[in-house]
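Asker: got a predicted structure here, sequence first:
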Amino acid sequence: MEYFDICDENGQPTGEIISREKAHEEGILHRTAHTWVIRQNGERTEILLQKRSDEKDSFPGLYDTSSAGHIPAGSKPLESALRELWEELGIQAEPQDLRFAGTFRIQYEKEFHGKMFRDNEAARVYVYEKTVDIEQLKLQESEVSEVRWFDLLTVAEELEKRRDLYCIPAEGLQVLMDHLKKRENIGRLTEAAITYIKALFLDNAGGHDADHTLRVYHNALRIAANEPDCDQYITALAALLHDADDHKLFATDNNANTRNFLAEHLVEQETADRICEAINSVSFSQNRGQAPATLEGKIVQDADRLDAMGAIGIARTFAYGGEHGRSLRDSVQHFYDKLLLLKELMNTETGTKMAEKRHAFLETFLNELKEEAEAI
């Protein structure tokens, strides 16, 4: 028998489980993972839709999301999304092949095969864009009878009128469309943010200059590429703006510089709040012993900490020390007070791997420095 985690209203497991049959009899909230397989065909975006088997207990014979399924009790959304892609379509994807797009709720009750079906899902949505040859797919016949490419905009226009053809959740399709629109915007916004940061830090030649921000940004992109559940839009902008209101550099309140920039570029308030939440969790001195609450914050914090390690971390330490009149000894003490602690404080697997190499370089440098300075 298949069991699901019972969820709270935020889609988080409560610690209780329920059978699939009972969940659909009583309409108990549980988790699902939905994946959209998409491709570009000229200027059109196309989505791969699966036609549900005639034996399905809900919406038999209708076209649905590329791949979707329940998340078994104790399982993670991403691993369930990968499993469903493989089982239903024969697509063997890696975690980094999927991009998290958002969440939505499904709630309805309808009679199928003479029996009432009550659905209540907290769904997580992923996007898969690698090349797919539908002629080579191995379909799970008990679940899927066929697959076809459809024009995204056509499906969006027809969806509510053609419920004899589609059973796609409208909210799930909207998550995909919002994700694609956000991705279009991210290029424009990141370019604007880079221009803004270069102007903001024009006269700063210390460790917190525009070059530092750009290194953190590229570190964050590298880490995010291996974190499919992160929101890349939030991550990129938080990385680029993470020092725009640094208390050591600016006397601003409530992330004023960041919020003003985002408002000027018509970023929604909720998104601006999420960006600022990630930024506010980055600082080493202001968040001692406390890891960021969001994945995006963890990525940006790792990216920022990586820039305090290795050869670049050494260069920044002495640049900052010289700018602020610190002695050589005081600057070296900073290695022991902060830099050598960072490797054990990383949040992500990719960040940890990157930190190991940089940490080793710090130790090599300090050993050499100690040997050369013994006569002092």
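Answerer: Great, that's in hand. Numbering: from 1, shown residues only.
Asker: residues of the longest helix anywhere in the chain that come out buried?
Answerer: For the chain, the longest helix by residue count, based on DSSP state H, is helix 170-200. The neighbour-count check on helix 170-200 (16 or more other CB atoms under 10 Å) flags 172-173, 175-177, 179-180, 182, 186, 189-190, 193, 196-197, 200 as buried. Where C-beta positions appear, they are placed from N, C-alpha and C, glycine not excepted.
Asker: and what of stretch 274-287?
Answerer: R274, I275, C276, E277, A278, I279, N280, S281, V282, S283, F284.
Asker: min pLDDT across those residues, which one?
Answerer: Across those, no position has a lower pLDDT than F284, which has 71.
Asker: measure the residue nearest to that residue when sequence neighbours are not counted to Q140 for me?
Answerer: Once flanking residues are discounted, F284 sits nearest to K338: 6.2 Å by CB to CB, 6 or more residues apart in numbering. Using CB to CB, to the nearest Å, one gets 52 Å for the distance from K338 to Q140.
Asker: cool, A101 as well?
Answerer: 23 Å.
Asker: also R329?
Answerer: 67 Å.
Asker: more neighbours: these two, which one.
Answerer: Q140 (15 against 10; other CB atoms under 10 Å).
Asker: you'd agree that one is up against L85?
Answerer: No - using CB atoms under 8 Å, Q140 is not in contact with L85; the gap is 10.7 Å.
Asker: tell me how many other residues surround Q107.
Answerer: 11.
Asker: quick thing: my sequence starts at 7, can you match it?
Answerer: In the new count, where the first residue is 7, that last one comes out as Q113.
Asker: what about the closest residue in space to it that isn't next to it in sequence, helix or strand, and which?
Answerer: Spatial nearest neighbour of Q113, chain neighbours left out: N126 (5.0 Å); criterion: CB to CB, 6+ apart. For N126, the host element (DSSP states H and E) is strand 121-134.
Asker: with respect to G316, which of the buried residues of helix 176-206 is nearest?
Answerer: Of all the buried residues of helix 176-206, G316 sits closest to I203, with 22.0 Å by CB to CB.
Asker: now do the closest one, the pLDDT please.
Answerer: Confidence score, pLDDT, at I203: 96.
Asker: what of G212?
Answerer: If you check G212, the pLDDT there is 65.
Asker: swap in L255?
Answerer: Listed pLDDT for L255 reads 83.
Asker: ramachandran angles for the residue nearest in space to the middle of the chain?
Answerer: In the chain, the C-alpha nearest the mean C-alpha coordinate belongs to C236, at 0.9 Å (CA atoms, centre = their mean). The phi/psi pair for C236 (degrees, to the nearest 10) reads phi -80, psi 160.
Asker: look at it and report its pLDDT.
Answerer: 92.
Asker: repeat for N293
Answerer: So N293 comes in at 64 (pLDDT).
Asker: quick check: the residue nearest to the centre of the chain touching I305?
Answerer: Yes - in this structure, C236 is within contact of I305 by CB under 8 Å, at 5.9 Å.
Asker: quick one: contacts of stretch 229-236?
Answerer: 83-84, 101-106, 132, 238, 241-242, 301-302, 305, 308-309, 354-357, 360 (CB atoms under 8 Å, 6 or more residues apart in numbering).
Asker: these in helices, which ones?
Answerer: Those of the contacts of stretch 229-236 lying in helices (DSSP H): 83-84, 238, 241-242, 301-302, 305, 308-309, 355-357, 360.
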